[in-house]
Each structure stands twice: as C-alpha cells, then as structure tokens.
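**Student:** task: produce atomic coordinates for the following.
(one chain, ligands or ions: 1)
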Amino acid sequence: MAKERVPALEGWFTMDEQAPALLGSRCTLCGTYSFPGETHFCANPRCVGTEFESVELSRRGRVWSYTDARYQPPPPYVPAEPYVPFAIAAVELAAEKMVVMGQVVPGVSVEELSVGVEVELVLDTLYEDDDHEYLVWKWRPVVAHKATGGR
Ligand SMILES: [Zn+2]
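**Tutor:** Numbering: from 1, shown residues only. Model prediction:
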C-alpha cells in the first residue's frame, strides 16, 4: 500500500505537488509579506497593522546565501541514517523580495550553488513512518537554458 503523503508542517505550503507554493501572509495595511504567516503583529516595525491575508508566495527566487549542514539541524529536519550532509539555501523570493530558508534537494551540493542562482520550490520527503511520507519544501536549481542571444 502506498504511503499517504502529508505535510510535515500543516498550513505552511500548498500540497500541489506539480506547483507547490509557500503560504505566507500579507499585511492589509502596509503590504509587508511574512513567512510563516503572521496572525497578530506586522513584521514591519513601523506598522501597526493587525489584519493579514493568506497568500501563496513566489515559487521561484534567487539564492541569497547558502551553506552545507555539517551539524545535525534543528527540527523539523530529521537526519537520515546514516547522516547525509545536505545544502541549505536562503532564497530571496522573486516578487516579495523576502528571504526564505530551505533545504536544497538531495544531490545538489554547495559546490553547485552560488549567489544569484535561480531556484524553484518543490516538495520532497522530509521523513517517513510506516504509514506516511511527511513532505517539506525544498529548493531546486532551475536548469539553465542555453543563452539564445536574446535579452
Ligand atoms: Zn503592516
């Protein structure tokens, strides 16, 4: 029997596996985006907004900073056995210009990353038990297309 695929974090992202999106919030007063979504206070210290709408954030962004996880990462990351190092990227979202951390998909090492590389959001298994696969968002480099001389 196939395992049921469920979000490791309820309400943090859509479960559209073809085109998943992070779920953030947008302040109705000043327009500031937050991820994870705000419910009480605006992330903008100069704003007194207390109402937020739920929004799907950009599925793409550019690497702003990155590192490899040489230590055991904090929850919700569950280390595999044996522990396999992976890359973590801080990605500036295309439209919101907000930085969101995430694990980079398996098989992509820090040597293949650089600041400014375009990445897109995918869902991948964080861990599993007997009945479920728990999914989390990860960043996957967008395959660079050959320059065709335009733009
Ligand atoms: Zn605000």
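
**Student:** return the residues of this structure in contact with the ion.
**Tutor:** 27, 29-30, 32, 42, 44, 47, 49 (CB under 5 Å from the ion). C-beta: built from backbone N, CA, C; applies to glycine.

**Student:** pretty sure residue 111 is in a strand, no?
**Tutor:** No: counting by DSSP: H, G, I helix; E, B strand; the rest coil, residue 111 is not part of a strand but helix.

**Student:** make residue 1 into 11 and carry on from there
**Tutor:** Noted, 11 is the first residue going forward, which turns the last one into residue 121.

**Student:** distance of it from residue 67?
**Tutor:** 28 Å (CB to CB, to the nearest Å).

**Student:** equivalent analysis for residue 114, please.
**Tutor:** Taking CB to CB, one finds residue 114 at 18 Å from residue 67.

**Student:** for residue 18, same thing?
**Tutor:** 18 Å.

**Student:** and for residue 97?
**Tutor:** Relative to residue 67, and taking CB to CB, residue 97 is found at 21 Å.

**Student:** residue ranges with poor pLDDT in the chain?
**Tutor:** Counting by pLDDT under 70, the chain has low-confidence residues at 80-85, 87-93, 154-161.

**Student:** check which helix or strand covers the closest residue to residue 134 other than its chain neighbours.
**Tutor:** Of all residues not flanking residue 134 in the chain, residue 148 sits nearest, at 4.7 Å (CB to CB, 6 or more residues apart in numbering). Per DSSP states H and E: residue 148 is located in strand 142-151.
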